[in-house]
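S.K.: With the input below, show me the fold.
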Amino acid sequence: MTGRETIHCPYCQGELKPYDRRKRVLLDHNGKRWVFSLRRLRCQKCKRMHIELPDIFIPYKRYSAAVIESVIEEKTSGAPYEERTRQKICSWYRRVKSHLLGVWQQQVKLGLASPGFIPHLVSLVRAAVNSGNWLYHPFGRFHYAFSPL
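M.R.: Sure thing, here's the model as predicted:
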């Protein structure tokens, strides 16, 4: 998957140039496994690496954003079928929810988000990632940049 517009680094606003690609596996509602080849981008200014993610991804999660949203909303249909996995997703969301809402409020104050819009999970994640405020995995090296396709 490849976006068409120029993406800027969320940290220094430098231009991101394609570097290479990385395979990423995603599980959907049916438990079907999808393999995507995502672009890795390097900032020309600060030299940080970023991975271009479509909206169906949430960083460091193997299930699609739609699946994670359905688990958070406690819908019973769709994957994951294991109760422990569903509990882990809900626990993760409880831990990051206040941070994501705080980033959203910051974006509203800066005039980058509409105060009348009620954000859902994908909007919150996109705002956190594109503002450079995503909570990174402790062992992760890559930063993420969302790009509408």
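
S.K.: ok now the longest helix seen in the chain, how far from the chain's centre?
M.R.: With secondary structure taken from DSSP state H, the chain has its longest helix at helix 83-109. In terms of Cα atoms, centre = their mean, to the nearest Å, the centre of helix 83-109 is set 12 Å apart from its chain centre.

S.K.: helices or strands next to it in the packing?
M.R.: Packing partners of helix 83-109 (3 or more Cβ pairs under 8 Å, 6 or more residues apart in numbering; DSSP states H and E): helix 65-72, helix 121-130. All C-beta spots, glycine's among them, are computed from the backbone N, C-alpha and C.

S.K.: Among those helices, show the one with the smallest mean pLDDT.
M.R.: Note on these: helix 121-130 shows the lowest mean pLDDT, a mean of 88.

S.K.: quick one: the spatially most central residue of the chain from residue 31, how far?
M.R.: Centroid check for the chain by Cα atoms, centre = their mean gives residue 58 as the closest residue, at 3.5 Å. From residue 58 across to residue 31, the span is 17 Å (Cβ to Cβ, to the nearest Å).

S.K.: I'd like the helices and strands packed on helix 83-109 as JSON lines, with distance to residue 88 and mean neighbour count appended.
M.R.: Putting the helices and strands packed on helix 83-109 into JSON lines (distance: least, Cβ to Cβ, whole Å; neighbours: other Cβ atoms under 10 Å) gives the following:
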{"stretch": "helix 65-72", "distance to residue 88": "9", "mean neighbour count": "20"}
{"stretch": "helix 121-130", "distance to residue 88": "16", "mean neighbour count": "21"}
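
S.K.: can you redo these as CSV with distance to residue 46?
M.R.: Output for these, formatted as CSV (distance: least, Cβ to Cβ, whole Å):
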stretch, distance to residue 46
helix 65-72, 28
helix 121-130, 16
